[in-house]
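In: fold the following and give me the result.
(one chain, ligands or ions: 1)
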Amino acid sequence: MNQPKKVYLVGTGSGDPDLLTVKALRLIQNADVIIYDRLVSEAILKLIPAGVSLIYVGKISGNHSLPQDEINPLLVKLAESQRTIVRLKGGDPFIFGRGSEEALFLAQHGIKFEIVPGITAASACTTYAGIPLTHRGLAQSVQIITGHTQANQPLELDWNTLADKNKTLVVYMGLANIDFICRKIMVAGLDSDTPAAAIQDGTTARQQRVMSTLSCLATDTKNAMLQPPVIFVIGKVVSLAESLDWFVTEDLSSRCFSRTGKISHG
Ligand SMILES: C[S@@+](CC[C@H](N)C(=O)[O-])C[C@H]1O[C@@H](n2cnc3c(N)ncnc32)[C@H](O)[C@@H]1O
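Out: The predicted model follows:
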């Protein structure tokens with residue numbers, strides 16, 4: 001019997017295809033089947049050569065188009081079909097990406113795999129928003145947290161640890177709970193004037209950045225009508241964003257992405 005093929009779990013970064021690793025691009029160009037999530041950007045999907053089988057398994061909050069417990073056996077089945085399987089994931093597979101769950105399932109079923117890191121939203125989106133995660137004198141550490149809870153479950157975080165004025169806090173999947181999160185952190189002692197920002201669709205032509213403070217972040221996000229994906233950044237480093245505002249979304253539209261994966265700048 002033929003051995004099953006290896007499965008490649010590949011992080012694609014936060015949207016800008018120029019942030020793909022060389023390895024990710026090479027695997028995309030050599031795949032037989034590509035399974036992808038909602039967070040894999042259109043610009044990255046355009047790099048997939050014609051003829052590759054595409055399977056969408058993306059999740060929309062509360063509305064899983066394919067549950068995780070069906071994605072896992074699908075990967076095994078596809079690997080057994082002797083084709084080269086590339087599983088694309090937004091950002092980094094191992095940061096709130098369930099890449100480890102898929103890899104564990106593959107391991108349990110004797111399927112070999114490789115994992116390709118991608119630039120996670122905390123790094124890519126903040127950089128494109130002009131916010132350094134650390135800066136001498138402003139932040140000595142970084143903490144990333146999820147603001148998402150399973151239905152009807154309370155969000156239980158160590159609020160005292162989060163309320164650290166020398167730390168940068170990045171909140172993933174926090175749109176629904178950002179008001180609660182900010183209030184809890186203020187009660188735990190972080191100054192209500194602490195600079196804060198929301199970033200929607202970071203690194204893409206649709207990127208939006210809302211500058212705020214801890215006490216106003218929820219209201220300002222609501223007023224700006226931000227839609228997922230959004231990350232929140234809380235900490236003194238956000239005060240540098242106006243001075244470091246380098247990203248011009250129009251620059252992306254002057255780039256041309258061909259289906260063969262070659263990228264040209266025009
Ligand atoms: C399921 S998590 C996946 C994270 C991904 N594995 C990573 O490393 O970036 C989805 C969350 O990541 C954040 N996110 C991912 N891409 C983003 C983007 N381009 N702009 C803003 N937030 C993003 C949002 O908080 C979103 O709700």
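In: quick check: phi and psi at residue 174.
Out: For residue 174, the backbone dihedrals (degrees, to the nearest 10) come out as phi -110, psi 10.
In: what about it, how many residues nearby?
Out: 25 (other CB atoms under 10 Å). The way it works is simple: take the backbone N, C-alpha and C, and place the C-beta from them, glycine included.
In: distance check, it against the ligand.
Out: Taking CB to the nearest ligand atom, to the nearest Å as the criterion, residue 174 is separated from the ligand by 7 Å.
In: also residue 106?
Out: 18 Å.
In: if I've got this straight, that residue is in a helix?
Out: Yes. Note on residue 106: a helix contains this position according to DSSP: H, G, I helix; E, B strand; the rest coil.
In: excluding residues flanking it in the chain, which one is nearest it?
Out: Nearest non-adjacent residue to residue 106, counting by CB to CB, 6 or more residues apart in numbering: residue 113, 4.8 Å away.
In: go ahead and confirm the one you found touches residue 107.
Out: Yes. Checked against CB atoms under 8 Å, the pair residue 113 and residue 107 is within contact range at 7.4 Å.
In: and this structure, split by domain according to the record?
Out: Here the domain assignment for the chain is 7-119, 122-240, based on automatic domain parsing.
In: quick one: mean pLDDT over the longest one.
Out: This means domain 122-240. If you average the pLDDT over domain 122-240, you get 96.
In: cool, and the first one?
Out: Per-residue confidence for domain 7-119 averages out to 93 on the pLDDT scale.
In: can you give me the end-to-end distance of it?
Out: This stretch, domain 7-119, spans 20 Å end to end (CA to CA, to the nearest Å).
In: same question, stretch 13-20
Out: Taking CA to CA as the measure, stretch 13-20 stretches 6 Å from start to finish.
In: does it reach the ligand?
Out: Yes. Under the criterion of CB under 6 Å from any ligand atom, the ligand is reached by stretch 13-20 at 14-15.
In: let me know how buried residue 181 is, in neighbour terms.
Out: Other residues close to residue 181 by other CB under 10 Å number 23.
In: now do the buried residues in the helix or strand hosting it.
Out: Following DSSP states H and E, one finds residue 181 within helix 178-187. Neighbour-count burial for helix 178-187, with 16 or more other CB atoms under 10 Å as criterion, is recorded at 178, 181-182, 184-186.
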